[in-house]
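> show me how the following folds:
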Amino acid sequence: MGDIINLNKFRKERQREAEKKAARDNRVRFGRTGAEKASERATAEKAEAELSGKMRDARRDEDGAPDAPEPKAR
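Numbering: from 1, shown residues only. Alright, predicted model coming up:
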């Protein structure tokens, strides 16, 4: 006779293996390398710096003169 096996353990082990395979496939399909992530991060930081350099100061008038300081609330 063959060995006695617990069918619940067999089923769960088979399910774990299928999940591991799916995870491995997803890492290959959707994963990005560290270099890709770093490049994207650098591009975003550069764009943010460029945009912030072009922002107007909210405390200036239309003609470029600074506004009067706002009174402090007590």
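
> following the lengthiest helix in the chain, which helix or strand comes up?
Across the chain, the helix with the greatest residue count (assigned by DSSP state H) is helix 7-30. Heading C-terminal from helix 7-30, the first helix or strand you meet, by DSSP states H and E, is helix 34-54.

> that next one - what's its average pLDDT?
The pLDDT scores in helix 34-54 average 92.

> and what of stretch 4-21?
So the average pLDDT for stretch 4-21 ends up being 95.

> tell me how far it lies from the chain's centre.
On the basis of Cα atoms, centre = their mean, to the nearest Å, stretch 4-21 sits 33 Å off its chain's mean C-alpha point.

> again with stretch 11-29
With Cα atoms, centre = their mean, you get 24 Å for stretch 11-29.

> likewise for stretch 24-35?
14 Å.

> other residues contacting it?
With Cβ atoms under 8 Å, 6 or more residues apart in numbering as the test, stretch 24-35 has contacts from residue 40. To be clear about C-beta, it is placed using only N, CA and C from the backbone, and glycine gets the same treatment.

> could you export that stretch as CSV, CA atoms only?
Extracted as CSV, the C-alpha positions of stretch 24-35 are listed here (Å, rounded to 0.1, in the frame of the first residue of the first chain):
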residue,chain,number,x,y,z
ARG,A,24,7.1,35.0,-9.6
ASP,A,25,5.4,35.6,-13.0
ASN,A,26,4.0,39.0,-11.7
ARG,A,27,7.5,40.1,-10.5
VAL,A,28,8.8,39.4,-14.0
ARG,A,29,5.9,41.0,-15.8
PHE,A,30,5.3,44.1,-13.6
GLY,A,31,8.6,44.6,-11.7
ARG,A,32,11.0,47.4,-12.4
THR,A,33,14.7,47.3,-11.8
GLY,A,34,16.4,49.6,-9.3
ALA,A,35,17.9,51.6,-12.1
